[in-house]
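[1] task: produce atomic coordinates for the following.
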Amino acid sequence: MEYKLNDFHYNVPEQDLINDLKKVALKLGTTVLTSREYDEAGKYNSGTIHRRFKSWNKALEKAGLEPALSLNIPDKELFENVESVWISLGRQPTHREMKRPISKYSTYPYTRRFGTWRKALEAFIEFINSSNDVNHETDFIESEEIRLEPVQENEIIYKHKTKRIPSERLKVQVLMRDGNKCRLCGITLTGDDIHFDHILAWSKGGETVLENLQVLCSAHNLAKGNV
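    Okay, the predicted model is just below:
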């Protein structure tokens with residue numbers, strides 16, 4: 001038997017290291033690759049990659065992968081990311097849509113945390129349905145601004161119990177109820193085209209609650225005004 005020393009990889013081009021990171025991640029079907037997983041399946045050594053890029057997470061970033069720290073993300077941050085994606089799409093996101101730039105995280109930290117993407121969505125729905133919503137806190141500054149405006153004769157000044165702008169959680173609740181279609185013309189909306197309208201205008205005393213919100217396109221929202 002002939003014994004050989006392990007090869008040194010000091011002069012391997014950075015792109016070769018990056019390509020091998022991508023190759024191993026693809027082989028394992030993951031976007032979050034740990035150094036231990038790489039050492040078991042990679043061509044080079046994780047120590048070589050760490051030295052070249054100064055840190056393992058910087059190497060992952062160069063390869064377009066998620067930092068290993070994403071496994072320790074708090075549930076609340078994962079759910080808030082789903083909120084952002086849901087609002088951007090105007091509907092429930094699919095497994096394939098959870099990727100950059102629309103999503104900060106892939107489904108990997110969700111499936112690691114909850115078992116499957118479906119179970120992650122079920123946990124998200126529990127989060128959405130919880131009663132702790134910042135919209136139910138009085139927006140003191142905004143109410144003060146309304147009271148400081150010149151008062152017309154016979155004008156009614158309303159002191160609101162909710163903030164004027166819907167929270168991300170409340171927006172998702174509206175989209176879950178209405179879908180991403182304008183309630184007046186029925187066209188499908190996404191991203192900035194989705195407008196969350198007060199059915200009874202805020203200036204008329206309408207509160208920012210699910211029952212008083214609806215999805216409108218920009219044209220109908222602007223045409224509606226404060227009616």
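[2] then stretch 82-99 to PDB, C-alphas only?
    C-alpha atoms of stretch 82-99 as PDB (Å, rounded to 0.1, in the frame of the first residue of the first chain):
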ATOM      1  CA  VAL A  82     -43.400  35.500   5.200                       C
ATOM      2  CA  GLU A  83     -45.600  38.600   5.800                       C
ATOM      3  CA  SER A  84     -43.400  40.600   3.500                       C
ATOM      4  CA  VAL A  85     -43.400  38.000   0.700                       C
ATOM      5  CA  TRP A  86     -47.200  37.500   1.100                       C
ATOM      6  CA  ILE A  87     -47.800  41.200   0.700                       C
ATOM      7  CA  SER A  88     -45.500  41.500  -2.300                       C
ATOM      8  CA  LEU A  89     -47.200  38.600  -4.100                       C
ATOM      9  CA  GLY A  90     -50.700  39.500  -2.800                       C
ATOM     10  CA  ARG A  91     -51.300  35.800  -2.000                       C
ATOM     11  CA  GLN A  92     -49.900  32.800  -0.200                       C
ATOM     12  CA  PRO A  93     -46.300  32.200  -1.300                       C
ATOM     13  CA  THR A  94     -45.300  28.800  -2.700                       C
ATOM     14  CA  HIS A  95     -42.200  26.800  -1.700                       C
ATOM     15  CA  ARG A  96     -40.400  27.800  -5.000                       C
ATOM     16  CA  GLU A  97     -41.100  31.500  -4.400                       C
ATOM     17  CA  MET A  98     -39.200  31.700  -1.100                       C
ATOM     18  CA  LYS A  99     -35.900  33.000  -2.600                       C
END
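[3] in it, which residues are buried?
    Residues of stretch 82-99 classed as buried: 82-93, 98-99 (neighbour count, 16 or more other C-beta atoms under 10 Å). (C-beta placed from N, C-alpha, C; glycine too.)
[4] of the residues you listed, which is the nearest to residue 224?
    In terms of C-beta to C-beta, no member of those lies closer to residue 224 than residue 90, at 19.2 Å.
[5] let me see the confidence value for the closest one.
    On pLDDT, residue 90 comes in at 94.
[6] got the contact list for it?
    175, 179, 180, 188, 189, 190, 191, 194, 215 (C-beta atoms under 8 Å, 6 or more residues apart in numbering).
[7] with adjacent residues omitted, what lies nearest to the third one?
    Among residues not flanking residue 180 along the chain, residue 90 sits closest, at 2.6 Å (C-beta to C-beta, 6 or more residues apart in numbering).
[8] repeat that for the fifth one.
    Of all residues beyond its chain neighbours, the one nearest residue 189 is residue 180 (5.0 Å), with distances taken as C-beta to C-beta, 6+ apart.
[9] is it correct that the one you found is in contact with residue 93?
    No - using C-beta atoms under 8 Å, residue 180 makes no contact with residue 93, being 11.8 Å away.
[10] residue boundaries of the helices in this structure?
    14-28, 35-41, 46-53, 56-62, 75-89, 108-114, 117-128, 140-148, 168-178, 218-224 (DSSP state H).
[11] looking at the ones you listed, which one has the lowest mean pLDDT?
    Looking at the helices of the chain, the bottom one is helix 140-148 with a mean of 42.
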